[in-house]
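>>> Please find the sequence and the predicted model below.
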Amino acid sequence: MNTLDKFSRPLKDLRISVTDRCNFRCPYCMPAEIFGDRYEFLPRDELLSFEEIRRLAHIFAKLGVTKIRLTGGEPLLRAGLPSLVKMLSSVPGIEDLALTTNGFLLDKYAQELKESGLNRITVSMDSLDDAVFQEMNGRGFGTKKVLSGIEAAENAGLNPIKINAVVQKSVNDQSIVDLVNHFKTKGHIVRFIEFMDVGTLNGWALEQVVPAKEIVNIVSKEHSIEPVEANYTGEVALRYRFTDGSGEFGIIPSVTQPFCSTCTRMRLSPDGHFYTCLFSDNGFNIRDALRDGQSDSHIESLIQNIWTNRTDQYSELRSALPQSSARPKVEMYHIGG
């Protein structure tokens, strides 16, 4: 079944945030000065249960979703996560089940996640330089434990492994080549992400964005590269391969080269709200329908109605919006990246 929005974009991808908690305090997502030790995250009874998430996954699969990605917060902080992976891996119609993590707990869970049915993993790692990495994770954690987690994922067979790095001018742009050089030798794919104005708390400014073209220029000074066609319609990363055959890297250019026209993603927050765009200002509460005893067919109709009325194209309209406009947006830690 193809469920199309107002711009004929099919619903294909579901991102499920299983927790709003995180053990990092990355400034572009969960700045430490705001999310301190006394910050009140969602109480457990407000989180969707694994059974509720599985039920929704079945409904989404009927509507055409074939890919699910688990996010957070930091998803590995959700107790019993491998059990949820096992539940979702058996949902008919779901062809790809992936996870995005900061990698800090990955060495503990990689093998169990693989055995539970996880297909792929993406690790967020903004620099290999300990000082830069410590500053960017806001907790003073070094790179060693994350690198161990990546190695554990590789040994478990969670390939291909992707490494996501949010690039900020004069913060970690000097780490671009180091990340490429390190991970290309291991067969992993680095994807550089333009610093985005997700939420309203990360102090975003256009001047902090390192454009995709600049990232390409930086890498091409060190390596011979060439562009590669997308793997599928709706792939958000611009792909480049090394002409010596040693692998590839990607760039997600949401700011300078928006991809709204091919976006096929819906996001589910930990407390059961759906968001049809990463830059949404509000979500649609589906948790109440789950807990009020509504039938699957009724919930399916609600979701279908949300998607078929979707008109989101924030990134394509961003340049026309005044930077001073304080438009409310959901925070990244609440719906994943």
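The structure has been received and is ready for your questions.

>>> mind listing what's buried in stretch 46-66?
For stretch 46-66, burial by neighbour count (16 or more other Cβ atoms under 10 Å) applies to 47-48, 50, 53-66. C-beta: built from backbone N, CA, C; applies to glycine.

>>> Count residues in the vicinity of the closest residue to residue 288 other than its chain neighbours, would you?
Spatial nearest neighbour of residue 288, excluding adjacent residues (Cβ to Cβ, 6 or more residues apart in numbering): residue 272 at 7.8 Å. By other Cβ atoms under 10 Å, 22 other residues sit near residue 272.

>>> same deal with residue 204?
Using other Cβ under 10 Å: residue 204 sits among 18 other residues.

>>> any idea how far the closest residue to it other than its chain neighbours lies from residue 64?
The shortest distance from residue 204 to any residue other than its chain neighbours is 4.0 Å, reached at residue 197 (Cβ to Cβ, 6+ apart). Noted for residue 197: a distance of 29 Å to residue 64, by Cβ to Cβ, to the nearest Å.

>>> ditto for residue 333
For residue 333, the distance to residue 64 (Cβ to Cβ) stands at 28 Å.

>>> Residue 210 too?
Separation of residue 210 from residue 64 (Cβ to Cβ): 35 Å.

>>> ok, back up a step: if I read this right, the residue nearest to residue 204 contacts residue 279, doesn't it?
Yes - with contact defined as Cβ atoms under 8 Å, residue 197 reaches residue 279; the gap is 7.4 Å.

>>> When these two are compared, which one has more neighbours?
Each of residue 197 and residue 279 has its neighbours counted (other Cβ under 10 Å); residue 197 has more, 24 against 20.

>>> Following element in sequence after the least confident helix or strand in the chain by mean pLDDT, please.
Taking mean pLDDT, DSSP states H and E as the measure, helix 314-317 is the helix or strand of the chain with the lowest mean score, a mean of 72. With elements assigned by DSSP states H and E, the helix or strand that comes after helix 314-317 is helix 332-335.

>>> What lies in contact with that following helix?
Residues outside helix 332-335 that contact it (Cβ atoms under 8 Å, 6 or more residues apart in numbering) are 15, 17, 20, 22, 28-30, 35, 71-73, 198-199, 202, 267-270, 275, 278, 283.

>>> And for stretch 52-59?
Counting by Cβ under 8 Å, 6+ apart, 14, 16, 18, 48, 65, 68, 84, 87-88, 91-92, 94, 268, 272, 286-287, 290-291, 296, 299-300, 303 sit against stretch 52-59.

>>> again, but for stretch 33-49
18-21, 25, 56, 201, 268, 270-272, 287, 290, 333.

>>> what two of those residues have the greatest distance between them?
Farthest pair in these (Cβ to Cβ) is 25 and 290. Separation: 31.5 Å.
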